[in-house]
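Colleague: could you work out the structure for the sequence below:
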Amino acid sequence: QVQLVESGGGLVQAGGSLTLSCVGSGRQFSRYAMGWFRQASVKDREFVAGISRDGETDYADSVKGRFTISRGGAENTVTLQMTTLKPEDTAIYYCASDPRGLSRTGPKVPYFLGQGTQVNVSS
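Modeller: Okay, the predicted model is just below:
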């Protein structure tokens with residue numbers, strides 16, 4: 001069974017930091033791009049950050065300079081370090097993976113998507 005399981009969401013004040021983690025199973029995700037999407041209420045799901053199997057990264061303009069994506073020490077893991085959080089970052093954050101790659105110009109519907117973790121940023 002293929003799974004991507006997120007953790008690390010929660011409530012934080014504006015200006016604060018939060019780190020999300022994702023662990024994949026059922027596939028060799030180290031061979032695929034991994035990344036994060038998010039969906040705020042009444043908005044479409046949007047790309048946040050992606051990292052290729054070779055370590056190349058890409059970010060949405062709205063988070064560039066504030067968020068950092070990296071692959072974990074263990075295989076099939078990816079983390080998203082979020083700093084200087086803003087109320088508009090409030091959303092459900094989904095871990096994603098796709099052999100085609102994940103970037104601003106990449107697939108809008110990734111092959112694999114986790115169940116999501118809620119991030120709330122209070123003003």
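Colleague: only C-alpha atoms from now on, for both contacts and neighbour counts.
Modeller: Fine.
Colleague: so the most centrally placed residue in the chain is in which element?
Modeller: Among the residues of the chain, residue 36 comes closest to the average C-alpha position under Cα atoms, centre = their mean, at 2.1 Å. Under the criterion DSSP states H and E, the helix or strand holding residue 36 is strand 33-39.
Colleague: tell me where the chain has strands.
Modeller: Secondary structure of the chain (DSSP state E): strands located at 3-7, 10-13, 18-25, 33-39, 46-51, 57-59, 67-71, 77-82, 91-98, 112-113, 117-122.
Colleague: as a markdown table, those strands with mean pLDDT and distance to residue 106 would be great.
Modeller: Rendered in a markdown table, the data for the strands of the chain read as follows (pLDDT from 0 to 100; distance: least, Cα to Cα, whole Å):
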| stretch | mean pLDDT | distance to residue 106 |
| --- | --- | --- |
| strand 3-7 | 96 | 19 |
| strand 10-13 | 98 | 28 |
| strand 18-25 | 96 | 20 |
| strand 33-39 | 97 | 11 |
| strand 46-51 | 98 | 9 |
| strand 57-59 | 98 | 10 |
| strand 67-71 | 97 | 16 |
| strand 77-82 | 97 | 18 |
| strand 91-98 | 97 | 10 |
| strand 112-113 | 96 | 14 |
| strand 117-122 | 98 | 22 |
